[in-house]
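In: Show me how the following folds:
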Amino acid sequence: MKITLIQIDLVMGSRVLLSLLREKGYDAKSLQINTRYTDLLSDGDLKAVYGYAADSDVVGLSFNTFYALQARQLAVFLKNKGIKYIITGGNHATALPDEVIKYSDIVVKHEAEVTLPGILEALEMNKPLSGVKGIVYRENKAVFHSSHPPDIVWKLDTLPFQSTEINAIKYFDPKRKLYTPDNTELFPNHGNCYFVLASRGCPFGCAYCSNSLYRSIDPGFKKVRKRSIGNIVDEMEQALSAGFESFYITDDHFFAFTEAEIGQFNREYKKRIKKPFSVVGINPNIFRQASAEKKLRLLINCGMTDIRIGIQSGSDKTLEIFKRGYKAAEIPGLIAPVEKIRKTIWGPPYDKLHVALDFICDAPWETEEDKRATIKLARKALKQYSIFFYTLVYLPGTEIYSLALKNRWISDKEKDIYLRGIAGVDDNIYNRVLFLIAVTKERGIDLSEKLIDHILEVSGRDLEMAKKIIDSFIESVNKTEKHHDVKLKHAALHPYLTGFNEWVKTKGEVGRKVLFRSYHEPYG
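Out: Below is the predicted model of the structure:
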């Protein structure tokens with residue numbers, strides 16, 4: 001049985017599945033499609049993808065909510081071309097299986113390392129799919145739901161590493177079409193940086209996150225499953241031998257590892273790897289534990305250059321709805337250890353820990369007071385850091401999605417979710433002020449509260465004048481840096497914010513103006 005795994009955008013689980021299936025003797029290959037949320041595939045694109053998958057009996061298609069339209073388009077095309085089985089998976093398929101099964105033969109819920117081999121065995125042996133847990137499937141035009149939650153892998157060390165076998169991996173994008181990637185392209189837009197998933201699961205219950213979807217399937221899925229330190233470093237060592245030069249640890253909760261485990265990581269990493277690495281998915285609540293600061297020191301001591309912390313909002317009302325578990329006033333104190341420990345083991349430009357804070361904007365319930373509270377927090381959270389901006393999206397299966405349905409914030413899923421895009425925030429004076437704070441905070445500049453209040457006050461009388469004030473500040477910073485020949489790429493992964501893109505949506509919410517970080521490409 002021949003299998004082509006297709007993932008739209010980066011889906012790390014598909015790389016593990018590719019290794020797993022090939023270990024089990026399946027003739028498996030992979031295709032990653034890199035495209036913008038709003039760009040449907042042309043007829044030529046679809047034919048090129050089919051040309052790669054045409055010799056396969058099965059296509060496994062992984063995607064998230066922002067690529068649901070492309071996934072549907074591709075699945076229908078491939079089925080009409082004669083692909084025998086279309087198996088879909090990922091967050092979106094897990095959340096809306098009754099929608100996704102309309103263009104699939106089988107939908108896999110949650111993780112697929114146990115489920116997919118079970119499906120393939122049933123198809124090969126002509127056994128009933130009713131014996132496979134955690135799926136939705138079509139049979140003789142009827143749709144059947146497994147009554148049991150999926151089996152998932154609890155001992156992650158038993159899984160193979162992500163495949164980097166270039167002979168089994170192709171990439172596709174609308175400009176370059178079908179091509180073989182080199183190592184610098186295996187993780188798009190991150191050069192020779194290798195993405196690592198050291199654990200799975202998250203103990204926190206944030207209302208906007210898909211982890212709440214998984215625990216609704218089985219409460220046990222909130223448990224953090226950790227790989228052994230030796231197993232993690234073995235994968236990194238293999239990545240080094242393949243030519244990668246830095247690492248990006250993408251866990252939802254890497255600090256779930258104990259102080260002893262982080263200590264072991266420190267020792268092994270310094271001995272065997274010693275390359276810059278980054279950690280994301282940090283919740284401020286972890287700093288309530290004294291061990292968090294010790295873990296932070298150990299990680300910086302062995303090479304960590306970048307961290308990202310999810311702050312999300314300065315509004316207590318929003319934080320409560322998001323179920324973040326802290327008040328806005330607590331945040332500067334909680335993340336204070338980050339301010340104390342900024343010196344890394346590296347020379348310039350990695351000699352100072354680069355910190356990014358995530359903010360979620362555009363919640364429909366937020367008042368002017370809520371938005372001002374976020375601006376206030378952004379000013380005082382840390383002396384120097386980057387801001388990553390996201391617009392609130394109602395991901396299916398999350399508590400926020402249920403709240404949006406209840407309050408009728410969703411009138412059209414395609415417009416209000418699939419084509420909304422997560423990276424572009426609404427163009428309003430409050431988000432523009434956040435951009436201004438981001439530009440200055442990245443450079444360690446503290447704008448006074450009086451100045452911010454003045455800009456907001458001016459915007460009430462003359463919005464265009466307020467915009468010009470903000471633009472003039474950003475222009476001044478950029479001109480000064482150009483004059484002094486400042487190296488703008490401060491860290492391994494996140495360049496400085498030198499401005500922002502303005503974009504008017506041409507699909508979905510047509511005419512909606514959005515703002516992007518300066519190095520993002522607009523999404524529609």
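
In: pretty sure Thr35 contacts Pro174?
Out: Yes. With contacts counted by C-beta atoms under 8 Å, Thr35 reaches Pro174, the gap being 5.9 Å. C-beta here means a position set from N, CA and C on the backbone, and glycine is covered the same way.

In: who touches both of those two?
Out: The contact sets of Thr35 and Pro174 overlap at Leu41 (C-beta atoms under 8 Å, 6 or more residues apart in numbering).

In: longest helix anywhere in this structure?
Out: For the chain, the helix with the greatest residue count under DSSP state H is helix 463-483.

In: helices or strands up against that one?
Out: Secondary-structure packing of helix 463-483 (3 or more C-beta pairs under 8 Å, 6 or more residues apart in numbering; DSSP states H and E): helix 429-441, helix 449-461.

In: got the angle between the first one and helix 449-461?
Out: Helix 429-441 and helix 449-461 are oriented at 150 degrees to each other (axes from the mean of the first three to the mean of the last three C-alpha atoms, to 10 degrees).

In: Contacts for helix 429-441, please.
Out: 359, 361-362, 368, 371-372, 374-375, 378-379, 382-387, 389, 425, 446-447, 452, 455-456, 459, 463, 466-467, 470, 473-474, 477, 497-500, 515.

In: If any of these are buried, put those into a PyMOL selection.
Out: The buried residues among those can be selected in PyMOL (16 or more other C-beta atoms under 10 Å) with this line:
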select buried, resi 359+361+362+371+372+374+375+378+379+382+384+385+386+387+389+425+447+452+455+456+459+466+467+470+473+474+477+497+498+499+500+515
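
In: Contact partners for Leu357?
Out: Leu357 neighbours (C-beta under 8 Å, 6+ apart): 308-311, 378, 381-382, 385-388.

In: In a helix, it, correct?
Out: No. Secondary structure of Leu357 (DSSP: H, G, I helix; E, B strand; the rest coil): strand, not part of a helix.

In: rewinding a little: now tabulate the helices and strands packed on helix 463-483 in a markdown table and tack on distance to Val338 and mean pLDDT.
Out: Below are the helices and strands packed on helix 463-483 laid out as a markdown table (distance: least, C-beta to C-beta, whole Å; pLDDT from 0 to 100):
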| stretch | distance to Val338 | mean pLDDT |
| --- | --- | --- |
| helix 429-441 | 13 | 95 |
| helix 449-461 | 22 | 96 |
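
In: need those in a markdown table with distance to Val108, can you?
Out: Output for these, formatted as a markdown table (distance: least, C-beta to C-beta, whole Å):
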| stretch | distance to Val108 |
| --- | --- |
| helix 429-441 | 38 |
| helix 449-461 | 48 |
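
In: quick one, which of those helices is nearest to Ala53?
Out: Of all those, it is helix 429-441 that lies closest to Ala53, at 41.4 Å by C-beta to C-beta.

In: What angle do helix 463-483 and the closest one make with each other?
Out: 20 degrees.

In: Around Ser104, count how many other residues there are.
Out: Neighbourhood size, Ser104 [other C-beta atoms under 10 Å]: 26.

In: Show me which residues of stretch 469-486 are buried.
Out: By neighbour count on 16+ other C-beta under 10 Å, the buried set for stretch 469-486 is 469-470, 473-474, 477-478.

In: Restrict it to CA atoms and write it as CSV.
Out: Only the C-alpha atoms of stretch 469-486 are listed here, as CSV (Å, rounded to 0.1, in the frame of the first residue of the first chain):
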residue,chain,number,x,y,z
ILE,A,469,2.7,61.1,15.5
ILE,A,470,3.2,57.4,15.7
ASP,A,471,4.7,57.1,12.3
SER,A,472,7.2,60.0,13.0
PHE,A,473,8.4,58.1,16.1
ILE,A,474,9.0,54.9,14.2
GLU,A,475,10.7,56.8,11.3
SER,A,476,13.0,58.5,13.8
VAL,A,477,14.0,55.2,15.3
ASN,A,478,14.7,53.7,11.9
LYS,A,479,16.7,56.7,10.7
THR,A,480,18.8,56.7,13.8
GLU,A,481,19.6,53.0,13.5
LYS,A,482,20.5,53.5,9.8
HIS,A,483,22.9,56.3,10.8
HIS,A,484,24.6,54.3,13.4
ASP,A,485,24.7,51.1,11.3
VAL,A,486,22.8,49.1,14.0
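
In: Could you give the average pLDDT over that stretch?
Out: Stretch 469-486 carries an average pLDDT of 83.

In: Tell me which stretches of the stretch 251-400 of the chain form helices.
Out: Listed in chain order, the helices of the stretch 251-400 of the chain (DSSP state H, counting those that start in this stretch) span 259-272, 290-301, 316-322, 331-334, 336-340, 368-380, 399-406.

In: Nearest to Leu20, out of those helices?
Out: Judged by C-beta to C-beta, the one of those that comes nearest to Leu20 is helix 259-272, at 24.8 Å.

In: Which elements pack onto the closest one?
Out: Where contact means 3+ C-beta pairs under 8 Å, 6+ apart, helix 259-272 is packed against helix 229-241, helix 290-301.

In: quick check: angle from the shortest one to helix 259-272?
Out: Yep, that's helix 290-301 we're talking about. On the basis of the same axes, to 10 degrees, helix 290-301 is oriented at 0 degrees to helix 259-272.
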